[in-house]
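**Student:** heads up, no residue letters with this:
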């Protein structure tokens with residue numbers, strides 16, 4: 001077992017006013033739990049003096065990692081997960097809205113047999129627009145992915161180290177950590193927690209995050225559903241498009257046979273275009289299947305070689 005039981009990972013971007021209050025509060029809550037702990041702060045290219053603040057706060061159990069430029073929350077979490085040492089990993093935001101006194105409740109749920117617990121913000125202290133868009137986003141995510149949940153994007157999470165080691169995050173995929181965990185075979189749940197008002201400053205996420213989140217939902221759906229069977233997606237789309245194109249060409253053929261001129265008919269051009277696109281989609285799906293098959297065969301071959309080399 002690792003010497004550190006709990007690692008708290010804090011991604012921070014321009015939170016110099018909040019960190020002097022947030023870090024001591026988290027440290028006090030961790031001490032109350034009676035477990036060995038560490039706090040890892042990942043500075044996501046802050047420009048507000050966070051570096052100077054952390055110079056005074058860092059110590060044996062408070063570590064500081066600085067990124068040269070702002071890369072986004074997913075990138076900051078990815079870097080942090082590579083450096084945490086605990087058997088259990090806690091994700092929290094650095095704005096003070098997550099209450100560290102709720103850690104005990106999340107840990108109790110985790111010890112009940114799940115691998116990742118999300119702190120569901122029962123009563124949110126956010127703007128009306130943010131609450132509304134978040135409710136819509138959570139509903140669509142649950143329906144599209146099939147993963148039950150009402151607060152996927154909550155930054156307050158506790159997970160086992162096995163879960164943390166499987167996460168590969170980029171773009172805005174930090175919003176879909178529970179979905180990625182379920183895809184990797186882990187069990188997830190949610191627990192109601194208190195949600196406080198932001199201590200200082202303003203949220204760093206603008207309106208664009210809403211649309212980026214939905215675009216990444218398409219990415220997550222593709223990764224979790226079609227990675228091992230890409231032809232089901234590309235081939236299925238190809239057959240549907242081809243069917244529409246074939247109907248249009250059949251209509252044009254019938255018109256031609258009945259003596260109508262079709263050379264300048266838009267339906268003829270659209271039908272030809274759809275059939276060509278359908279052939280391309282089917283071909284792309286077959287090529288993707290070939291790539292997946294070759295990758296799987298290489299993986300099996302390397303595993304077999306490893307077994308043969310064992311004494």
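**Tutor:** That came through fine. All values derive from a computational prediction rather than experimental measurement. Numbers count the residues shown, from 1 in each chain.

**Student:** quick one: the residue nearest to residue 223 when sequence neighbours are not counted from residue 145, how far?
**Tutor:** Nearest non-adjacent residue to residue 223, counting by Cβ to Cβ, 6 or more residues apart in numbering: residue 183, 7.5 Å away. No exception for glycine: its C-beta is placed from N, CA and C like everyone else's. Applying Cβ to Cβ, to the nearest Å, the value for residue 183 to residue 145 is 9 Å.

**Student:** quick one: low-confidence parts of the stretch 51-200 of the chain?
**Tutor:** Low-confidence segments of the stretch 51-200 of the chain (pLDDT under 70): 125-130.

**Student:** can you map out the strands along it?
**Tutor:** With DSSP state E, counting those that start in this stretch as the criterion, the stretch 51-200 of the chain has strands at 62-67, 88-91, 116-121, 157-160, 188-193.

**Student:** Need the ones you listed in a markdown table (columns: distance to residue 254 and mean neighbour count).
**Tutor:** Formatted as a markdown table, those follow (distance: least, Cβ to Cβ, whole Å; neighbours: other Cβ atoms under 10 Å):
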| stretch | distance to residue 254 | mean neighbour count |
| --- | --- | --- |
| strand 62-67 | 64 | 18 |
| strand 88-91 | 62 | 26 |
| strand 116-121 | 58 | 25 |
| strand 157-160 | 60 | 24 |
| strand 188-193 | 55 | 20 |
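
**Student:** Please identify which of these is closest to residue 298.
**Tutor:** Nearest to residue 298, of all these, is strand 157-160, at 29.4 Å by Cβ to Cβ.

**Student:** For stretch 172-182, list every residue counted as buried.
**Tutor:** For stretch 172-182, a neighbour-count test (16 or more other Cβ atoms under 10 Å) marks 172-182 as buried.

**Student:** Closest one of these to residue 243?
**Tutor:** Residue 243 has its nearest neighbour among the buried residues of stretch 172-182 in residue 179, at 31.7 Å by Cβ to Cβ.

**Student:** coming back round to it: mind listing which of the buried residues of stretch 172-182 are in helices?
**Tutor:** 177-182 (DSSP state H).

**Student:** now these as JSON lines including distance to residue 168?
**Tutor:** As requested, these are exported to JSON lines (distance: Cβ to Cβ, whole Å):
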{"residue": "177", "distance to residue 168": "11"}
{"residue": "178", "distance to residue 168": "15"}
{"residue": "179", "distance to residue 168": "13"}
{"residue": "180", "distance to residue 168": "8"}
{"residue": "181", "distance to residue 168": "12"}
{"residue": "182", "distance to residue 168": "15"}
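
**Student:** In CSV: the strands of the stretch 51-200 of the chain, plus distance to residue 280.
**Tutor:** Shown next, in CSV, are the strands of the stretch 51-200 of the chain (distance: least, Cβ to Cβ, whole Å):
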stretch, distance to residue 280
strand 62-67, 40
strand 88-91, 42
strand 116-121, 40
strand 157-160, 41
strand 188-193, 38
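
**Student:** Let's verify the residue lying closest to residue 61 once chain neighbours are set aside: helix, strand, or coil?
**Tutor:** Leaving aside its sequence neighbours, residue 61 sits nearest to residue 38 (Cβ to Cβ, 6+ apart; 5.0 Å). At residue 38 the chain is in strand, as set by DSSP: H, G, I helix; E, B strand; the rest coil.

**Student:** What is the host helix or strand of residue 284 packed up against?
**Tutor:** Here residue 284, judged by DSSP states H and E, is contained in helix 266-309. Contact analysis of helix 266-309 by 3 or more Cβ pairs under 8 Å, 6 or more residues apart in numbering; DSSP states H and E lists helix 230-257 as its packing neighbours.

**Student:** again, only this time at 10 Å
**Tutor:** helix 208-226, helix 230-257 (3 or more Cβ pairs under 10 Å, 6 or more residues apart in numbering; DSSP states H and E).

**Student:** Quick one: residues contacting residue 85.
**Tutor:** Each residue near residue 85 by Cβ atoms under 10 Å, 6 or more residues apart in numbering is listed here: 2-7, 36, 38, 40, 63, 161.
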